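Student: The following comprises the amino acid sequence and a computationally predicted model.
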Amino acid sequence: MNHIIFSIIHNTIKHTLLLNTSLIKNILLSIDRLNILIIKLIYATVEGDMVALGELLRKDKFLLDRHIIEKSPYFASTLHVAADIGHLEFTLDIVGQKPKLAEEVD
């Protein structure tokens, strides 16, 4: 009887660990994907690449929202980087999509 109980407990723990491992892997993959999107967003911003901006926002419509909170590794929002570089059309497009970005202070 103890052997059966031990086996059930062992299998339950093993299953729980596998689920947690899978969950952790999924979380890490999500973080990696988001970091890649943010890096691509920074490159698109520096280049003033409107096509790349559109593609990124189609992949993640909340990317600019998250970027407001997280900021770039350079502690500047996408909007402010585009404006500082002088990408007027890119800047206006971002403000049109996310007017709240204009209120953010870097």
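Tutor: The structure has been received and is ready for your questions. Numbering: from 1, shown residues only.

Student: rest of the way, CA atoms for contacts and neighbours
Tutor: OK.

Student: Excluding chain neighbours, what is closest to residue 57?
Tutor: residue 63 (6.4 Å; Cα to Cα, 6 or more residues apart in numbering).

Student: what residues are up against that neighbour?
Tutor: Residue 63 makes contact with 37-38, 56-57, according to Cα atoms under 8 Å, 6 or more residues apart in numbering.

Student: who wins for most neighbours among the residues you listed?
Tutor: Neighbours here mean other Cα atoms under 10 Å. Within these, the largest count is held by residue 38, at 22 neighbours.

Student: Out of the helices and strands in this protein, which is least certain?
Tutor: helix 63-70 (a mean of 70; mean pLDDT, DSSP states H and E).

Student: State the distance from the residue nearest to residue 57 to residue 81.
Tutor: 16 Å (Cα to Cα, to the nearest Å).

Student: So which of the contacts of residue 63 sit within helices?
Tutor: Cross-referencing these against helices under DSSP state H gives 37-38, 56-57.

Student: From residue 98, how far off is residue 61?
Tutor: 11 Å.

Student: Kindly report the same for residue 89.
Tutor: Distance from residue 89 to residue 98, by Cα to Cα: 14 Å.

Student: the helices in the chain, which residues?
Tutor: According to DSSP H, the helices that the chain contains are 2-47, 50-59, 63-70, 78-85, 88-97.

Student: and the fourth one, average pLDDT?
Tutor: In other words, helix 78-85. Per-residue pLDDT values over helix 78-85 give a mean of 86.

Student: what angle separates that helix from helix 88-97?
Tutor: Between the axes of helix 78-85 and helix 88-97, defined by axes from the mean of the first three to the mean of the last three Cα atoms, to 10 degrees, the angle is 160 degrees.

Student: residues in contact with the closest residue to residue 79 other than its chain neighbours?
Tutor: Counting by Cα to Cα, 6+ apart, residue 79 lies nearest to residue 91, which is 5.8 Å off, once chain neighbours are set aside. The contact partners of residue 91, by Cα under 8 Å, 6+ apart, come to 79, 82-83.
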